[in-house]
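1. From the sequence below, what's the structure:
(one chain, ligands or ions: 1)
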Amino acid sequence: MGDKQAVSGSCLCGKVAIEAKAADLHVGACHCGMCRKWGGGPLLAVDGGTEITINGEEFVKRYSSSEWAERVFCKECGTHLFYLLKDRRSAYYFCRSSGAAGSNGDGSSNFY
Ligand SMILES: [Zn+2]
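-> Numbers count the residues shown, from 1 in each chain. This is a model prediction of the structure:
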């Protein structure tokens with residue numbers, strides 16, 4: 001378990017900004033087929049925790065990629081923002097592409 005700390009990030013065009021008050025900066029990687037298709041490689045993300053603020057919600061597109069998860073991106077510039085488990089609305093996995101993962105990830109774990 002990494003330290004919990006506030007992180008923020010935004011998409012490429014700046015229309016969407018996300019903040020988490022207590023993210024776990026331990027970086028996780030998912031190599032499943034859907035993540036690789038979505039991002040062209042493994043999904044690198046951190047657990048954003050439960051206290052999330054999204055600015056620019058009108059530019060947020062939520063794609064239901066399976067019965068249990070949705071993938072969220074900026075509909076203006078396409079930047080991947082986060083991955084969300086539908087049955088746990090508190091589980092936001094911030095994509096490193098949004099910059100919200102911080103620059104000092106303390107290591108990585110791999111799942112799938
Ligand atoms: Zn954008």
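2. residues of the longest strand anywhere in the chain that come out buried?
-> What stands out as the longest strand in the chain, according to DSSP state E, is strand 17-30. Neighbour-count burial for strand 17-30 flags A17, I18, E19, A20, A23, D24, L25, H26, V27, G28, A29, C30 (criterion: 16 or more other Cβ atoms under 10 Å). C-beta here means a position set from N, CA and C on the backbone, and glycine is covered the same way.
3. The fourth one: what's its closest spatial neighbour, skipping adjacent residues?
-> Distance criterion Cβ to Cβ, 6 or more residues apart in numbering; nearest residue to A20, sequence neighbours excluded, is G48 at 3.9 Å.
4. does the one you found really touch Y93, like I thought?
-> Yes. With contacts counted by Cβ atoms under 8 Å, G48 reaches Y93, the gap being 6.7 Å.
5. When the two are compared, which one has more neighbours?
-> Remark: of G48 and Y93, G48 carries more neighbours, 27 against 21, as counted by other Cβ atoms under 10 Å.
6. Now do the same contact list for the more buried one.
-> Contacts for G48 were tallied using Cβ atoms under 8 Å, 6 or more residues apart in numbering; they are V7, I18, A20, A23, F82, Y92, Y93, F94, A100.
7. Stretch 18-28 near the ion at all?
-> No. Using Cβ under 5 Å from the ion, stretch 18-28 stays clear of the ion, with a minimum separation of 11.2 Å.
8. chain center to that stretch, what's the gap?
-> 9 Å (Cα atoms, centre = their mean, to the nearest Å).
9. Could I get the full set of helices for this structure?
-> Here the chain has its helices, by DSSP state H, at 33-39.
10. so where's it shaky on pLDDT?
-> Applying pLDDT under 70 to the chain flags the ranges 1-2, 88-91, 97-112.
11. near the ion, which residues of it show up?
-> Counting by Cβ under 5 Å from the ion, the chain sits next to the ion at C11, C13, K15, C74, E76, C77.
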